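S.K.: one predicted model, sequence on top.
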Amino acid sequence: MTKETRIAVDAMGGDGGPKIIMPSVKEFLLANKDVKIDLYGDKKIISNFLDIFDSQSLKNIEIIHTDEKVLSEDSPSHALRHKKKSSMSLAIQSVKDNKAQACVSAGNTGALMAISRFILGTLDGIDRPAIESMLPSLSGHTHVLDLGANIGCKAEHLYQFAVMGSVLAMVLDENPNPTVGLLNVGEESIKGNPQVKEANDLLVNSKLNYVGFVEGDDIFCGDIDVIVCDGFVGNIALKTSEGIAKFISSKLKSEFKKSIFTKMAGLSSAKVLNSFKKVVDPRRYNGASLLGLKGIIIKSHGGADSFAFNNSLQIALKEVKKDVPKCIDTKLREILG
């Protein structure tokens with residue numbers, strides 16, 4: 001890239017704050033030596049972790065001190081009105097000011113969305129930003145949105161989500177014609193609430209590669225590239241999938257520890273089990289995109305470890321290189337005229 005790549009990081013966000021984020025930044029910079037990282041937060045606390053970086057990585061780090069941070073219990077409105085100098089707000093502002101090309105935060109999701117929308121604004125043609133993430137599937141992965149930003153949606157919002165998800169799949173997956181499905185309680189046209197049925201009519205007549213209604217199992221077992229739903233349904237689907245992954249992993253461990261014979265079976269199956277664990281490990285899919293904004297904002301899970309947070313940084317870098325907001329804006333103008 002000709003322009004210097006700089007990513008703003010809310011170093012105080014998430015359950016672990018700098019304790020989790022700094023080792024992640026270290027690994028990220030070792031793999032991406034031409035990227036700069038701006039760390040927003042308490043300089044004294046952040047500086048305690050600088051000794052883990054090599055001399056080259058230190059040159060690529062800038063600490064911007066902030067006295068405030070957004071707490072997990074802060075409401076979006078409180079954070080927006082009273083935390084204007086927080087690490088989260090200033091990191092987002094740096095994207096608005098073109099100092100950084102993306103912002104990554106593991107902080108309060110509601111506050112991150114509210115502040116991002118207020119500071120950056122939405123793209124023309126987008127009423128509400130959506131949270132998108134990839135989930136593992138038999139065909140590789142599926143882009144799912146919305147995952148919690150919009151509890152109730154009109155048909156037009158679901159249509160806009162479909163356009164944004166389709167463009168994201170085109171750009172990140174280099175897929176020229178991604179398939180798009182609308183999550184429903186069945187594939188039959190008579191099923192679903194009025195909003196979903198109306199969104200289906202809009203999508204049928206769109207320029208997208210729309211395949212119709214899909215069901216929950218299609219997220220993991222189908223060959224659909226993009227699945228669209230409202231935030232209420234999407235968040236439940238996401239949290240359920242994370243719980244199932246943890247359940248299977250925990251259950252397998254306990255079963256293989258039951259006796260000497262099961263332990264031997266576990267050892268002989270170690271290679272297969274490790275491969276399976278990698279596929280279903282939620283940490284490998286950590287990093288949700290706030291699509292529809294005039295800038296790149298990536299939300300990491302608040303309970304993410306350093307490995308997972310690193311994945312969020314990688315997603316941010318990929319979206320910067322592909323200039324995702326510009327691509328979405330171009331496609332919106334093409335479709336919406």
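M.R.: Received, thanks.
S.K.: okay, now the closest residue to T5 other than its chain neighbours: neighbour count?
M.R.: Spatial nearest neighbour of T5, chain neighbours left out: V35 (4.8 Å); criterion: C-beta to C-beta, 6 or more residues apart in numbering. Yep, even glycine has a C-beta here, placed from its N, CA and C like the rest. For V35, the number of neighbouring residues by other C-beta atoms under 10 Å comes to 19.
S.K.: pretty sure V35 is touching Q314, no?
M.R.: No: the pair V35 / Q314 is not scored as a contact, 10.4 Å apart, by C-beta atoms under 8 Å.
S.K.: shared neighbours, the two?
M.R.: Common contacts of V35 and Q314 (C-beta atoms under 8 Å, 6 or more residues apart in numbering): F28.
S.K.: and the residue nearest to T5, its phi and psi?
M.R.: Main-chain torsions, V35, degrees, to the nearest 10: phi -100, psi 140.
S.K.: so what pLDDT did it get?
M.R.: What the model reports as pLDDT for V35 is 97.
S.K.: now do the contacts for it.
M.R.: Neighbour list for V35: T5, R6, I7, F28, L29, N60, L317 [criterion: C-beta under 8 Å, 6+ apart].
S.K.: would you turn these into a markdown table with pLDDT, neighbour count and distance to A100?
M.R.: As requested, the contacts of V35 are exported to a markdown table (pLDDT from 0 to 100; neighbours: other C-beta atoms under 10 Å; distance: C-beta to C-beta, whole Å):
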| residue | pLDDT | neighbour count | distance to A100 |
| --- | --- | --- | --- |
| T5 | 95 | 17 | 9 |
| R6 | 97 | 19 | 5 |
| I7 | 98 | 27 | 6 |
| F28 | 97 | 25 | 14 |
| L29 | 97 | 22 | 15 |
| N60 | 96 | 18 | 13 |
| L317 | 97 | 22 | 12 |
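S.K.: turn the residues you listed into CSV, including distance to G140 and secondary structure.
M.R.: CSV is the format used below for the contacts of V35 (distance: C-beta to C-beta, whole Å; DSSP: H, G, I helix; E, B strand; the rest coil):
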residue, distance to G140, secondary structure
T5, 26, strand
R6, 30, strand
I7, 26, strand
F28, 23, helix
L29, 28, helix
N60, 32, coil
L317, 20, helix
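S.K.: for the protein, which spans come out with low pLDDT?
M.R.: For the chain, the stretches with pLDDT under 70 are 1-2, 336-337.
S.K.: lovely, talk soon.
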